[in-house]
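> no sequence for this one, just the structure:
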Ligand code: 3HC
């Protein structure tokens, strides 16, 4: 029975409620109960209040809303730090003479998980996720996470969780003894009951703080160096994962207070780094991208229950998987029965792989497969709410498809094209509903890549755009609104980047030098390795169809020459590189071909330094991005960053091309890292 409600200050997001001998400290700081200064202050005061009340035996810390604390307040980073600091608050909780129990639900992340670790016991609702995602923000846990977690679950598990930033379900953590109890319902009731048992013990013992649990002993003397080497490869160029390993190793080298002080130093170094600033920009940009402030405020999205996908090729099948995996019914249309069957088999194979790799269970696979129905008849699409055409990339083919769709689909249905380059305005014009036509440009492999460009054509109405954006989020994509132009935002910029890379070959750089320079700079892959992987003929065809293709004879000349010689990339075992036995290696024939072409075009060759290669390519990217912004093809500079971070392997720790353009590093004489 609640008998007292004492707000600490009138505006505090933290309140204390007394339940018999248990003090329930509740945090209510929507949307995710982040540990803002007011929350830290409130926690400090409430714990002190509970400890000073002789009638209180135990303290429970819980949260209102959808989640327990999901971390420090990221918006406070980059501003002068305000007291009380989180490590001090957590130390005060841990030093409480009365047992403190954390009642966990939702996503217990970062500082939120550190708060839970500083409590003496943890009780969680089934399915709760816990994690220390700081590295994804260029940080390390800065409030004891690197010290308390290893004491509870061992060094290896802590290394895995902290350096990957990935969350773990509490059921897994319970097996490590990090969580005392997992309950199916009535979390607060269970937590209070758990606390009451301590209150009723007459000779109550002071609880053992996690910091006083002995640090784990490491028998493998190479362990930390092995992790350093692994992370140097996996998180190339990044400071935070290396600092995280150091902080965890310190658990074994120093006593708790010393290791905690060193954790703070390593945290502050990360927090003040340009890498963390860039990754925090990426975090907020990915959330801002869904905000369509330019739409009329009364716009409501249409409900989407059933979709159709046209074309059962690799792309169409990947798109069908995205919808089915989100619980949305899909009709997959392919005119020839044998092609349809091939597509359905491919989908079944992909789901089987997901089961084999434990990403889903067989029941989920069966439910998803049951949602996908193949058909060879357009009439079967009469009742769908939205169609995505993923047919052959040819303007005429697409226009024919849209004429048919317009005839069979109900008037309210949205018609979307997955085209990468073609003019959606022209496609919309063949229908009687151009306001309901737009592009939904998925990236390959569609069931894996997070990026979705939602292309607004001239006549697309607000409701259609909003519906597609919301649908993108529902299927787990990061949907970015863009306008119509050749290649939209991502591919148009990639074309400028590729053109600059090809030009560098004519000026004397080798494909290997260019790729190496860009990988060293942080790109996931160099441009020529990408071209060989995806097929050099794809860009070649797209350039042929581009009405605005420059007349400059050197434009993409090396790539075009290779295609004309049948060197299409990995699929023909020859492209910018040779692939004897499937292994990539530089090919002197390609270098010779380029030298001769440069001579023919009268382009002098020279030695080009890695820093110059990086500067040329990144500048080309930024310039095209600026044009795109000027022309209103992208709404915000940050939207371009989101596209490049999620679709083109741009290093997250550099924030995206437009963010990087405004950073001091872009001004530095050498871009090389
Ligand atoms: N600080 C400030 N704002 C935050 C936040 C945080 N830690 N986490 C989320 N938000 C905001 C988002 O910006 C968004 O705001 P908006 O509505 O104005 O756009 C709102 O909360 C909702 O967030 P999402 O749209 O992401 O909601 P989801 O339900 O999709 O996801 C989530 C919820 C899983 C909690 C996700 O928001 C998330 O991963 N948050 C970040 C968690 C994190 O990285 N925590 C570690 C922080 S660093 C730290 O704790 C350092 C410590 O060691 C000292």
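Yep, that arrived. All figures in this text were calculated on a predicted structure; none of them were measured in a lab.
> find the nearest non-adjacent residue to the residue of the stretch 501-650 of the chain found nearest the ligand, please.
Evaluated by C-beta to the nearest ligand atom, the stretch 501-650 of the chain has residue 638 as its residue closest to the ligand, separated by 12.4 Å. No exception for glycine: its C-beta is placed from N, CA and C like everyone else's. Excluding the flanking residues, the one nearest residue 638 by C-beta to C-beta, 6 or more residues apart in numbering is residue 285, at 3.8 Å.
> can you check residue 337 too?
Closest residue to residue 337 apart from its sequence neighbours, by C-beta to C-beta, 6+ apart: residue 376 at 5.8 Å.
> let me know the helix or strand that residue 45 is in.
helix 37-52 (DSSP states H and E).
> oh, that last question was meant for residue 228, not what I typed.
Taking DSSP H and E as the criterion, the element that holds residue 228 is helix 223-234.
> is it correct that residue 460 is in contact with residue 437?
Yes. In this structure residue 460 lies within contact range of residue 437 using C-beta atoms under 8 Å: 6.5 Å.
> ok, and the closest residue to the ligand within the stretch 201-350 of the chain, which helix or strand is that part of?
Across the stretch 201-350 of the chain, no residue is closer to the ligand than residue 287, which sits at 3.9 Å (C-beta to the nearest ligand atom). Element membership of residue 287 [criterion: DSSP H and E] is helix 274-288.
> report the buried residues of stretch 429-440.
430, 431, 433, 434, 435, 436, 437, 438, 439, 440 (16 or more other C-beta atoms under 10 Å).
> what's the answer for stretch 288-303, then?
Applying a neighbour-count criterion of 16+ other C-beta under 10 Å, one finds 289, 292, 301, 302 buried in stretch 288-303.
> just to revisit the earlier point, nearest to the ligand among the buried residues of stretch 429-440?
For the ligand, the closest of the buried residues of stretch 429-440 turns out to be residue 440, at 20.6 Å, with distances computed as C-beta to the nearest ligand atom.
> pLDDT on the helix or strand encompassing the closest one, on average?
With elements delineated by DSSP H and E, residue 440 resides in strand 437-442, which encompasses its position. Per-residue pLDDT values across strand 437-442 average out to 98.
> quick one: strands adjacent to that strand?
strand 414-417 (parallel), strand 451-456 (antiparallel) (DSSP bridges).
> contacts made by stretch 39-53 with the rest, please.
The list of residues contacting stretch 39-53 from outside it, by C-beta atoms under 8 Å, 6 or more residues apart in numbering, reads 6, 8-9, 12-16, 18, 23, 25, 27, 29, 33, 56, 59, 61, 69, 73, 84-86, 88-89, 92-93, 96-98, 100, 115.
> what sits against residue 271?
Contacts for residue 271 were tallied using C-beta under 8 Å, 6+ apart; they are 77, 139, 142.
> for residue 187, same thing?
By C-beta under 8 Å, 6+ apart, the contact set of residue 187 is 62, 103, 104, 105, 123, 124, 125.
> give me the neighbour count for the nearest residue to it once chain neighbours are set aside.
Ranked by C-beta to C-beta, 6+ apart and with sequence neighbours excluded, the top spatial neighbour of residue 187 is residue 125, at 4.7 Å. Using other C-beta atoms under 10 Å as the criterion, residue 125 is surrounded by 20 other residues.
> indicate which one of the strands paired with strand 437-442 is closest to the ligand.
Distance to the ligand, taken as C-beta to the nearest ligand atom, is lowest for strand 451-456 among those, at 15.8 Å.
> from the chain's centre, how far out does the closest one sit?
Computed by C-alpha atoms, centre = their mean, to the nearest Å, the separation of strand 451-456 from the middle of its chain amounts to 16 Å.
> and residue 411, how close does it get to residue 460?
Residue 411 is 16 Å from residue 460, where distance means C-beta to C-beta, to the nearest Å.
> hmm, back to that, which among the contacts of residue 187 gets closest to the ligand?
Using C-beta to the nearest ligand atom, residue 105 is the member of the contacts of residue 187 that sits closest to the ligand, with 12.2 Å.
> list the contacts for the residue nearest to that closest one when sequence neighbours are not counted?
Here the nearest residue to residue 105 in space, its sequence neighbours aside, is residue 125; by C-beta to C-beta, 6+ apart that works out to 4.2 Å. By C-beta under 8 Å, 6+ apart, the contact set of residue 125 is 104, 105, 170, 182, 183, 184, 185, 187.
> out of the residues you listed, who has the most neighbours?
Neighbour counts for the contacts of residue 125 peak at residue 104, which has 31 neighbours (criterion: other C-beta under 10 Å).
> might one say that it is in contact with residue 127?
No. Taking C-beta under 8 Å as the contact criterion, residue 104 and residue 127 are not neighbours in contact, 10.6 Å apart.
> hey, what's in contact with both of these two?
Counting by C-beta under 8 Å, 6+ apart, the common neighbours of residue 104 and residue 127 are residue 170.
> contact residues of the chain facing the ligand?
For the chain, the residues found near the ligand under the criterion C-beta under 6 Å from any ligand atom are 31-32, 34, 70-75, 86, 107, 109-111, 114, 133-134, 137, 139, 141-143, 145, 287.
> hmm, back to that, report the distance from the strand holding residue 440 to the chain centre.
Taking C-alpha atoms, centre = their mean, the mean C-alpha location of strand 437-442 is offset from the chain mean by 21 Å.
> contacts for that strand, please.
Applying C-beta under 8 Å, 6+ apart, the external contacts of strand 437-442 come out as 315, 318-319, 322, 388, 390, 402, 414-420, 424, 427-428, 431, 449, 452-457, 459-460, 464-465, 468, 472, 477, 484, 488, 490.
> residues near residue 284, how many?
12.
> got a list of what it touches?
When the contact criterion is C-beta under 8 Å, 6+ apart, the partners of residue 284 are 74, 75, 638.
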